[in-house]
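S.K.: Pasting the sequence and the predicted coordinates here, then a few questions.
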Amino acid sequence: MADNTNTQRGTKGDVLLEMKGLKIAAMVEEEEIEIVHGVDVTLKRGEVLGLIGESGAGKSTIGLAAMAYTRGGCWISGGSINFDGIDMLNASAEQLRDLRGKRIAYVAQSAAANFNPAHKLIDQFTEAPVLHGYSNRSAAEADAKELFGRLRLPNADTIGFRYPHQVSGGQLQRAMTAMAMSCRPDLIVFDEPTTALDVTTQIEVLAAIRDVVEQFNTAAIYVTHDLAVVAQMADRIMVLRHGNLVEEGNTREMLAAPKEEYTSQLLAVRTFKKEHQLEVTETTPLLRVNNVSASYGTTPVLFGVNFDVHKGQTVAVVGESGSGKSTTARVITGLLPPSEGTIEFKGQALPPDYRNRSKDELRQVQMIYQMADTALNPRQRIREVIGRPLTFYLGMTGKQREDRTRELLTMIEMNPDEYIDRYPTELSGGQKQRICIARALAAEPELIICDEVTSALDQLVAEEILKLLDRLQSELNLAYMFITHDLATVRAIADEVVVMLRGEVNDSGPKDEMFTPPHTDYTDLLLSSVPEMDPDWLDNLLEERKRLAEEEGRVLKAADN
Amino acid sequence: MHAILTMIIQRLGLGLITLIAVSFIMSVAIEFLPGDLAQEVLGQSATPETVAAFRAELGLDRAFHTRYFEWLGNVLTGDLGTSLANQREISELLGTRLYNTLFLASIAAAISVPIAITLGVLAALYRNSLYDRLVNIFTLSTISTPEFFVAYILILWFSVTVRIFPSISDIGPDLGFWEHVYRSMLPALTLTLVVIAHMMRMTRAAIINLLASPYIEMATLKGVPRRDVIIRHALPNALAPIINVVVLNLAYLIVGVVVVEVVFVYPGLGQLLVDSVSKRDMPVVQACCLVFAITYILLNLTADILSILSNPRLLHPR
């Protein structure tokens, strides 16, 4: 079916999409704000262009503009968009509708949210080809099965007859790529297609997307914040910041020699590594998770989890989503009493339910969450947010409380005079996370549980938060239990690593040991799945895995693929 | 399907308990009403001796709990008892009345539900347009106007100015189907005007609520026309709230029609209830209330089952 359109496709190398001086405006609080300030984008047939940048860079907005589409409250305020000779900004609604889905398709970040929960995958796949007159229902169905197979989905012949909720995230993301391919478009816009996936699942999706784009000579705009991912996918990269182009160039050349300071910064993230490596001398650990099992209702989720955290130490707990990391934190804090096992603090067993713990027991373990946004009461000023634990745990009032609040703000490198009277909504994401850290510190704890504290932040901001946590650790001799799925973070800050898989501890040990082979198969899978900046990394990895499978019979593959 | 069956059985069990509770509350409420049947029938001038004798004859002089449990026992064995006022079998009395009420409700529902859902979908499709505003103003006006007023306006227009429909629903037992429909038209239209706004606005709101969903954006970016985006992508996911509000209104069509029945002298359950309350004919009131409670319980159960059937996540678990 791809063949009959080849003539109209033209040859590789022709310009397919040209956006000139693209400006996009948005209405923010009844004020018109320009969010993209005149960016030029040129894309040739069969070329893959990577758009990268931090949040607010305008990369998704520009990606969608290629379809002459803007999200609610935004509009294209200037410039021109030319797609294969069609002036998109002056095209009629009917013309645009005809292009969308047929010649330009979209793959979104969250496949789970972008598939309609009410319809089977196959019905959603065949919708566009039938609607655009590209194919009929039975031919489109047959094509779906073939594409599902090419994208290496299991049970390609039957998987389409399931509803979205019956299919795993990584599989859905590939089904969405297949759906985008259904009319063999000239251009696909990929909007962070692997960001919501676990690293181990990401590999398969990346490989499948790349193969299928190459096979059909489809041009693509690949939007992501992850430079290592884009390095595997794109021929050319555009680095964006605050709606402006920072740098544009061939992928390999840019990675080898970035011209702009900002690009180097993006490339250099996660060079931070904590210097001191702690030697454990004491025999009684600060925290001991002793053979803990737990369940939600009748569904068991943790099975005999064991690990220790020593004073002043950082223990990183890693694993995929659903592996039981956050549940373990809930058991430690007493939010979810375990069905078996105990939580010991300095050798003393803590009551399983937080309601039975004394104020002092509660004070010693504090938490910092992933979403600083929702972890702060939007109606409380910073003074109240930090001051409350001071009063609650330490009985501070009046001037003593005010002074301590200011001292804590200084500790997290925020000017007390400027910030103490603000509300959380008046702060940036990184600043909010700093306030959460100050709130945890206010209780003067010995252990802080950090649950994915940097996952929602941009890379450069995350880096600053990690540095802050590290400095506080050495100043205050804090212990951290650091829950994360990001192995780069583990490498940066951990002393000990605990790998969790399906509610069990799969592997554990000091960081240096964990990052040196031999590993368990799962640790190996997890470690090798972390994308690297090297553009050949994905090819090499896939070859290595193939070799391992053939020669040693070790199959390294995520379980739900 | 097994899960649905379990749910139905559980809910029917709970419904039975609810019914018993309702019947008890009703009995207590009636007990608090001033006067009783004996007094009502004999009138103001009757001597206390006559009233007391009549009471004893009807068994009204016994203690409240004796009467209540005797009645409950009879009902549980399928005997609704006889009317105190005219000694007729209540089941017989209810039969035709219930049929008439259900008939009227069905006509009203057959008119109002399709119109309300269509208007709602169109209002979502042409959101904030002139059409949307007009529909909103019209339906809100009809819901804000008292039922009896709507009824009299309709009578004025359709029975006085242009004589299309009769102003009194003279429903007899030997009426043909279409004649029955014809004579019930004005009360049915009144009810339609009263319930349409609620259903239409909920349909509109449920759909608009979903328009910001990522899968709606995806459908748009697949080039699906806006009409199909609404009907094929938004509507199936909006069904649960729509079903609930439709069912709630269906229940109202059966239970809340008293005023309309009185205006049009329509011989339905509502009239029977009003008459029986004023006569203090307790067994009949009880029976009417039981029928109303059963209506609510069954319709709500239907709504829940339909919601499950419309949601693939519940119908096809992983």
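M.R.: Received the coordinates, thanks.

S.K.: use CA for all of it now, contacts and neighbours both
M.R.: Noted.

S.K.: Domains in chain A, by residue range?
M.R.: For chain A, automatic domain parsing gives the domain ranges A:45-72+A:92-268, A:287-375+A:433-528.

S.K.: So what touches the element among helices and strands of chain B having the smallest mean pLDDT?
M.R.: Of the helices and strands making up chain B, the lowest-confidence element is helix B:37-42, at a mean of 75, by mean pLDDT, DSSP states H and E. Here helix B:37-42 makes contact (C-alpha atoms under 8 Å, 6 or more residues apart in numbering or on different chains) with B:A46, B:V51, B:F54, B:R55, B:L84, B:A85, B:K279, B:R280, B:D281.

S.K.: repeat for stretch A:179-192
M.R.: With contact meaning C-alpha under 8 Å, 6+ apart, stretch A:179-192 is reached by A:2, A:9, A:45-46, A:60, A:63-64, A:66, A:101-109, A:124-126, A:128-129, A:134, A:140, A:143-144, A:216, A:218-225.

S.K.: Where does the stretch 151-300 of chain A get nearest to chain B, which residue?
M.R.: A:Q166 (4.9 Å; C-alpha to the nearest C-alpha).

S.K.: Just checking, which helix or strand succeeds the least confident helix or strand of chain B along the chain?
M.R.: Later in the chain than helix B:37-42, the nearest helix or strand by DSSP states H and E is helix B:48-58.

S.K.: Who are the packing partners of that following helix?
M.R.: Judged by 3 or more C-alpha pairs under 8 Å, 6 or more residues apart in numbering or on different chains; DSSP states H and E, the packing partners of helix B:48-58 are helix B:37-42.

S.K.: quick one: B:L298 and A:K511, what's the gap?
M.R.: Distance from B:L298 to A:K511, counting by C-alpha to C-alpha, to the nearest Å: 63 Å.

S.K.: wait, I meant B:A38
M.R.: Remark: distance between B:A38 and A:K511 (C-alpha to C-alpha) = 92 Å.

S.K.: ok, now which ones touch B:V257?
M.R.: So B:V257 contacts B:L191, B:G270 (C-alpha under 8 Å, 6+ apart).

S.K.: Can you verify A:L240 is assigned to a strand?
M.R.: Yes. Membership of A:L240 in a strand is supported by DSSP: H, G, I helix; E, B strand; the rest coil.

S.K.: send the alpha carbons of stretch A:400-410 over as PDB?
M.R.: C-alpha atoms of stretch A:400-410 as PDB (Å, rounded to 0.1, in the frame of the first residue of the first chain):
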ATOM      1  CA  GLN A 400      12.200  32.100  67.700                       C
ATOM      2  CA  ARG A 401      10.100  30.600  65.000                       C
ATOM      3  CA  GLU A 402      10.500  33.500  62.700                       C
ATOM      4  CA  ASP A 403      14.300  33.500  63.100                       C
ATOM      5  CA  ARG A 404      14.500  29.800  62.500                       C
ATOM      6  CA  THR A 405      12.300  30.000  59.400                       C
ATOM      7  CA  ARG A 406      14.600  32.600  57.900                       C
ATOM      8  CA  GLU A 407      17.600  30.500  58.800                       C
ATOM      9  CA  LEU A 408      16.100  27.600  57.000                       C
ATOM     10  CA  LEU A 409      15.400  29.700  53.900                       C
ATOM     11  CA  THR A 410      19.000  30.900  53.900                       C
END
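
S.K.: quick revisit: okay, B:A38 and A:K511: which has more neighbours?
M.R.: Between B:A38 and A:K511, counting by other C-alpha atoms under 10 Å in any protein chain shown, B:A38 is the more crowded of the two (24 against 20).

S.K.: buried subset of the contacts of helix B:37-42?
M.R.: B:V51, B:F54, B:R55, B:L84, B:A85, B:K279, B:R280, B:D281 (16 or more other C-alpha atoms under 10 Å in any protein chain shown).

S.K.: Dump those residues into JSON lines; add distance to B:A188 as well.
M.R.: Formatted as JSON lines, those follow (distance: C-alpha to C-alpha, whole Å):
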{"residue": "B:V51", "distance to B:A188": "43"}
{"residue": "B:F54", "distance to B:A188": "42"}
{"residue": "B:R55", "distance to B:A188": "41"}
{"residue": "B:L84", "distance to B:A188": "32"}
{"residue": "B:A85", "distance to B:A188": "30"}
{"residue": "B:K279", "distance to B:A188": "28"}
{"residue": "B:R280", "distance to B:A188": "29"}
{"residue": "B:D281", "distance to B:A188": "29"}
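
S.K.: Can you lay out those residues as a markdown table showing pLDDT?
M.R.: Below are the buried ones among the contacts of helix B:37-42 laid out as a markdown table (pLDDT from 0 to 100):
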| residue | pLDDT |
| --- | --- |
| B:V51 | 80 |
| B:F54 | 79 |
| B:R55 | 79 |
| B:L84 | 75 |
| B:A85 | 74 |
| B:K279 | 82 |
| B:R280 | 81 |
| B:D281 | 83 |
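
S.K.: which other helices and strands contact the strand or helix carrying B:L239?
M.R.: Using DSSP H and E, B:L239 sits within helix B:235-255. Judged by 3+ C-alpha pairs under 8 Å, 6+ apart, helix B:235-255 is in contact with helix B:90-125, helix B:185-210, helix B:282-310.

S.K.: Mind doing that once more with 10 Å?
M.R.: helix B:90-125, helix B:185-210, helix B:269-279, helix B:282-310 (3 or more C-alpha pairs under 10 Å, 6 or more residues apart in numbering or on different chains; DSSP states H and E).

S.K.: Would you mark the buried spots in the longest one?
M.R.: Read that as helix B:90-125. B:90-91, B:94, B:96-98, B:100-109, B:111-113, B:115-117, B:119-125.

S.K.: can you pull the contacts of the residue of the stretch 151-300 of chain A closest to chain B?
M.R.: By C-alpha atoms under 10 Å, 6 or more residues apart in numbering or on different chains, the contact list for A:Q166 reads A:P117, A:K120, A:I159, A:L172, B:P312, B:R313, B:H316, B:P317, B:R318.
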